[in-house]
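**Q** Got a sequence here, can you model it:
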Amino acid sequence: MNTTATARHDIPVTFGEGVYIAHTISDHRWNGWVQPFFTREVADQLAADLVRADTQDPDDHRTFVLWDDKIQAYLLQSAHWEAEGEEPEIVEGRDIDGTNVYAIGAASWTWYEAEEGTK
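**A** Residues are numbered from 1 along each chain as shown. Down below sits the predicted model:
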């Protein structure tokens with residue numbers, strides 16, 4: 001059994017109906033779920049898909065992903081969190097093998113590896 005954490009690149013992951021290309025760390029899981037890291041390009045697509053989903057089916061609990069130029073990080077927020085007085089979650093970049101990536105929903109959303117259909 002390999003006990004060394006290794007970076008994996010270009011792994012299709014899914015949350016809801018979307019499939020996104022992510023970087024992962026082989027043994028990093030949250031309650032058994034994959035913890036993906038996304039490039040800016042993929043994170044921006046995820047953000048747009050969440051807005052589109054909310055336009056079609058509004059949900060106060062839906063989390064939005066917003067880029068903040070001032071702090072150079074993503075903010076995760078929802079109407080429900082705001083109503084509860086909670087601050088947005090800040091997701092800063094992290095380097096994985098020379099690529100800057102963002103762990104959006106990595107320890108709170110139920111991500112699957114899309115090709116395998118596994119956690």
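**Q** Which phi and psi values does the most centrally placed residue in the chain adopt?
**A** Central residue of the chain (C-alpha atoms, centre = their mean): residue 104, 2.6 Å from the mean position. Backbone torsions of residue 104, given as degrees, to the nearest 10, read phi -80, psi 120.
**Q** Show the average pLDDT along stretch 61-77.
**A** For stretch 61-77, mean pLDDT rounds to 93.
**Q** who touches it?
**A** The contact list for stretch 61-77 (C-beta atoms under 8 Å, 6 or more residues apart in numbering) reads 40, 43-44, 46-47, 50-51, 53-54, 78-81, 88-93, 102, 104-105, 109. Every residue, glycine included, has its C-beta placed from N, CA and C.
**Q** Counting neighbours, which of the residues you listed end up buried?
**A** When the contacts of stretch 61-77 are checked for burial by 16 or more other C-beta atoms under 10 Å, the buried set is 43, 46-47, 50, 54, 78, 81, 88-89, 91, 93, 102, 104-105, 109.
**Q** Between all of these, which two are separated the most?
**A** 54 and 93 (25.1 Å; C-beta to C-beta).
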